[in-house]
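Chemist: what follows is a predicted protein model with its sequence.
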Amino acid sequence: MALAGFANIDFDAFHRDELPRRADAAGPRLARAAAPLGSLGLRTSSGAFTYALRDGALAIEAGDAKAATLVELDDE
């Protein structure tokens, strides 16, 4: 169920396709902002991804085993 004014998105497709493009576009500025936060994992029943710094850039990786912090979300 989507919130009023927001469309549903496919969690996996967003993290595999759209979010990496956005992270690449933000470049080093995003990496500097994320550096003190450590790695963050997001998990739903449809999949899990971790945001982490790799070689000075933000990487979005499948899975959550290496996440320093993990957030579980409902698919709704």
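Modeler: Looks like it arrived, so ask away.

Chemist: for the rest of this, base every contact and every neighbour count on C-alpha atoms.
Modeler: Noted.

Chemist: beta-bridge partners for the residue sitting nearest the centre point of the chain, please?
Modeler: The centre of the chain sits closest to residue 51, judged by Cα atoms, centre = their mean, with a distance of 5.0 Å. Going by DSSP bridges, residue 51 is paired in beta bridges with residue 40, residue 60.

Chemist: residue contacts, it?
Modeler: Residue 51 is in contact with 39-41, 58-61, 67, counting by Cα atoms under 8 Å, 6 or more residues apart in numbering.

Chemist: between the residues you listed, which is nearest residue 27?
Modeler: Top of the list for closeness to residue 27, among the contacts of residue 51 and by Cα to Cα, is residue 58 at 8.0 Å.

Chemist: ok, the closest one touching residue 52?
Modeler: Yes: here residue 58 reaches residue 52: they are 5.7 Å apart, a contact under Cα atoms under 8 Å.

Chemist: now the longest helix along the chain: mean pLDDT?
Modeler: With residue count as the measure and DSSP state H as the assignment, the chain has helix 19-34 as its longest helix. Over the span of helix 19-34, the pLDDT mean works out to 87.

Chemist: can you list contacts of that helix?
Modeler: The contact list for helix 19-34, computed with Cα under 8 Å, 6+ apart, reads 53, 56-60.
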